[in-house]
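Novice: sequence and computational prediction follow.
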Amino acid sequence: MIAEAGLAALWLAAAMALLQLVGGLTLLRGGAGQLAPLVKPAAYMQGALCAFAFFALMWLFYVTDLSVLLVASNSHIDKPMIFKLAGTWGNHEGSMLLWVAVMSVSGAAIALLEKRIEAKTLYATLAVQGFIALGFFAFLLFASNPFERLVPAPLEGAGLNPLLQDVGLAFHPPTLYMGYVGLSIAFSFAVGALLTNQVGPAFARAMRPWVLAAWIFLTIGIAAGSYWAYYELGWGGWWFWDPVENASLMPWLAATALLHSVSVLATRNALRAWTIMLALVAFAMSMAGTFLVRSGILTSVHAFAVDPERGAFILALMLMYTSIAFVIFALRIGTVKQGEPFQLVSREGGIVANNIFLSVILAIVLIGTLYPLAAEAMGDKISVGPPYFNKATVPVMLLLMLALLIGPMLRWRRDALMRIKYWLIGGAAILLCGGLVAWRLAPGTGLFPLLGIALSLALAVAAWLPLRGRKLLRTPLPIFGMVIAHFGIAVSVFGMAAESGFSKETLTALAPGESAEISGWKVRLSDVKPVVGDNWVAVEGEMLANKNGNSFVMRPQSRHFFKPEMQTSEAALLTRWNGQLYAVIAQPDQEGDGRWQVRLWWKPFVTFIWFGGGLIALGGAISLFGRMFRRARKPAINKWEPA
Amino acid sequence: MKPKHQRLLLALIAVVALVSAGLIAASALREEASYFYTPTTLAAANVPPGKAIRLGGMVQKGSIVRAADGVSITFIVQDQERSQKVAYRGITPDLFVEGSGVVADGRLRPDRVFVAESLLAKHDENYVPKELADIDMTAAENTQNTVSQ
């Protein structure tokens, strides 16, 4: 019954989306707008129905109703409860339902809360939102029905890929989806404003919290996904330039650029067309990301099911939405008036540099990710991996950091570099000293890690400079947010540079009682014993790690899961303030002499990568909180102010 | 500067930036994109030593030789016609066994031994490395789909 009710709710919600679209369109076409009073209630209903459908599916996973195909193929009666629940979105159909549910609830929230833009623009936005939702409802109902029944019901279910049986999974996909969906809302706002000629600061202020929220979720999702891959795959890496990682990085790059340009539009009324363009690109990247992940078209750790039909469906949706949006952009952009002028050396100029560098990185990542597909269409099998991405993107990232050192110190409209010459000289001195010290400590390190360390040291200081000369108690929260996020970038880049430039690795085979050495650590394999878990058995190594008289126990495991049959490595991590010791135990050495393959890494300051990511997201959250707080104090602006 | 000129200048900067992104990408792709070979196509192609490539095929039965250090192995990858010797130092993937499919990232040594930097074996019961999916192999036929239909 629950499954049928959930399916019915989805159909009804699709009808609501259609009503939203038609109602909004009739109003736009200058009709009498009899349907207009229905648009907002339709948005509320759509949100409620989708939320109901999602919780219905969650309930089916909670009780492990094996007569539902999706539950039977992805869950198992013996699975721990948290993974049963997380299994709701740990598969294709469920994750698409989550996407649609978040999108519909957000649409309802806009209809309910948004009071700053003109009613007409709001209806246009909701119509666009309904139009996007319709496509996804069609995809869910026709190509990936999560509530399909299975007759006869199996006895125990097929289980969930053990790599996915991890708390990381409970949070990683939902946060990414919230980010993707937030960008769909920015897209709707942008198209809505284009259609009603309202591209200006008021529109930017309405769109900004959604972009900010999407960006916070994407940041958290990417950082969490990176840490998950780091400890769960047991390969010691934190970023593999895997197509699916790129699929989450590309929307983040676009959202980061959009976040900066929308602020310029909101406060300085400049970069109008550019902001609209970025909003369209950001959502196109979200859809491209979904397409890459869900179609299984690329070889990837994440590509669990290869299903060309669904891929074609999402590709068609993506092409339809982006091409319609770009046609509207081309037709309407002439009506968007030129914004306020500014000089190149100014805060606006700095943000233009930020946008340009981010767009260049985005283009490089996009080309590298799609190139193998294009080559395959022409009969060549090619893979593009870390060597390409590192070589092509890192120099641009370093340039971006250089711009980040200077940009926030400049004044709006016009400024002169001479005004801040002492800060520039100071920054250059930190850069030089940092680089030299790092080079002295570890000669022979690559150029990129050295530059990364030098730039992150300089930025760690420069990030705080916008606070200088301000009364801290009266400084608006968004300024603190910006400072903390920029400092977070310094922290994160420092971790990345230190890890990629100065990591040490040892690979050896040890018998119990033998030791290996790495970076001043002496690691002794004291014992290897079998352990049993809920749905797996494992060999567990007991290692004693010693340094300067301090001794720690590490217990890496090599696990064997039954349903489905699979082996995974559970790395043991020993966290110190200045880095992590990372230990992996593998199969027994097959010569039969009682040795075990052991892989050890010393990764200096590696935790800074995710700590910095957390700071970046925290900065965003502080800024969002500040804006919402300010908005609550001010009376709502419903009147359009001419630019 | 007149407002109109400013918009034009910004558009120009954006175009220049995107063109240079394309150029950077193209030059990096030329150097770093790695082509996929089977032993047969590798023998036919003239791949210089040191160029990053991928090699895929089946691990020949009885060909895995383990060195005394416990972490280095050599094995032979074969397709229907030819075979290629591979050396690898590291932890082998869990499903790396003789007679099953493997894709290796690496480079040829001057002595034509392929030095693998990473191995990708059949990932789980449902997953075959994509490059091997359309190569006819007995191992691939044994792949079973666990989803009950």
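Specialist: Good, I have the coordinates. Numbers count the residues shown, from 1 in each chain, chains lettered A, B, ... in the order given.

Novice: from here on, contacts and neighbour counts on C-alpha atoms
Specialist: OK.

Novice: quick one: terminal-to-terminal distance for stretch A:67-77?
Specialist: End-to-end distance for stretch A:67-77: 13 Å, by Cα to Cα, to the nearest Å.

Novice: helix, strand or coil for residue 77?
Specialist: Since no chain was named, I'll use chain A. What DSSP: H, G, I helix; E, B strand; the rest coil gives for residue A:77 is coil.

Novice: that's the wrong chain, I meant chain B
Specialist: Going by three-state DSSP: residue B:77 is strand.

Novice: what's the helix or strand for the residue nearest the centre of chain A?
Specialist: Central residue of chain A (Cα atoms, centre = their mean): residue A:218, 2.9 Å from the mean position. Assigned by DSSP states H and E, residue A:218 belongs to helix A:201-232.

Novice: any bit of that helix sitting next to chain B?
Specialist: No. On the criterion Cα under 8 Å from any Cα of the partner chain, helix A:201-232 is out of touch with chain B, staying 14.1 Å away.

Novice: ok so, going back, what's near enough to touch the residue nearest to the centre of chain A?
Specialist: Listed by Cα atoms under 8 Å, 6 or more residues apart in numbering or on different chains, the contact partners of residue A:218 are A:175, A:176, A:178, A:179, A:180, A:248, A:252.

Novice: switch the residues you listed over to CSV; also include distance to chain B.
Specialist: Conversion of those to CSV gives the following (distance: Cα to the nearest Cα, whole Å):
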residue, distance to chain B
A:175, 26
A:176, 24
A:178, 28
A:179, 25
A:180, 24
A:248, 19
A:252, 18
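
Novice: of these, grab the buried ones for PyMOL.
Specialist: Here is the PyMOL command that picks out the buried ones among the contacts of residue A:218, judged by 16 or more other Cα atoms under 10 Å in any protein chain shown:
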select buried, chain A and resi 175+176+178+179+180+248+252
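
Novice: any weak-confidence spans in the stretch 451-600 of chain A?
Specialist: Applying pLDDT under 70 to the stretch 451-600 of chain A flags residues A:563-564, A:589-592.

Novice: OK, now which residue of it is nearest to chain B?
Specialist: Closest contact between the stretch 451-600 of chain A and chain B, by Cα to the nearest Cα, is at residue A:509 (5.2 Å).

Novice: quick one: secondary structure of the closest residue to that residue other than its chain neighbours?
Specialist: Sequence neighbours aside, residue A:597 is the residue nearest to residue A:509 in space, at 4.2 Å (criterion: Cα to Cα, 6 or more residues apart in numbering or on different chains). Here residue A:597 is strand, with the state taken from three-state DSSP.

Novice: could I get the contacting residues of residue A:597?
Specialist: Neighbouring residues of residue A:597 by Cα under 8 Å, 6+ apart: A:507, A:508, A:509, A:510, A:585, A:586, A:587, A:588, A:589, B:70, B:71, B:91.

Novice: how many neighbours does residue A:470 have?
Specialist: Other residues near residue A:470 come to 9 when the count uses other Cα atoms under 10 Å in any protein chain shown.

Novice: break chain B down into its domains, please.
Specialist: For chain B, automatic domain parsing gives the domain ranges B:1-33, B:34-141.

Novice: give the bridge partners for residue A:567, please.
Specialist: Beta-bridge partners recorded for residue A:567 (DSSP bridges): residue A:560.

Novice: got it, and residue A:540?
Specialist: Applying DSSP bridges, one finds that residue A:540 bridges with residue A:529, residue A:557.

Novice: that one contacts residue A:533, doesn't it?
Specialist: No. Residue A:540 is beyond contact range of residue A:533, at 11.6 Å (criterion: Cα atoms under 8 Å).

Novice: ok, back up a step: can you tell me the element the residue of the stretch 451-600 of chain A closest to chain B falls in?
Specialist: strand A:504-510.

Novice: strands of chain B, start to end?
Specialist: Listed in chain order, the strands of chain B (DSSP state E) span B:34-37, B:52-59, B:65-66, B:72-78, B:83-89, B:101-108, B:114-121.

Novice: mean neighbour count and distance to chain A for those - can I get that in JSON lines?
Specialist: Shown next, in JSON lines, are those (neighbours: other Cα atoms under 10 Å in any protein chain shown; distance: least, Cα to the nearest Cα, whole Å):
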{"stretch": "strand B:34-37", "mean neighbour count": "21", "distance to chain A": "4"}
{"stretch": "strand B:52-59", "mean neighbour count": "25", "distance to chain A": "8"}
{"stretch": "strand B:65-66", "mean neighbour count": "15", "distance to chain A": "8"}
{"stretch": "strand B:72-78", "mean neighbour count": "21", "distance to chain A": "9"}
{"stretch": "strand B:83-89", "mean neighbour count": "20", "distance to chain A": "8"}
{"stretch": "strand B:101-108", "mean neighbour count": "24", "distance to chain A": "10"}
{"stretch": "strand B:114-121", "mean neighbour count": "20", "distance to chain A": "10"}
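
Novice: dump these into CSV; add mean pLDDT as well.
Specialist: Putting the strands of chain B into CSV (pLDDT from 0 to 100) gives the following:
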stretch, mean pLDDT
strand B:34-37, 88
strand B:52-59, 89
strand B:65-66, 88
strand B:72-78, 92
strand B:83-89, 93
strand B:101-108, 89
strand B:114-121, 88
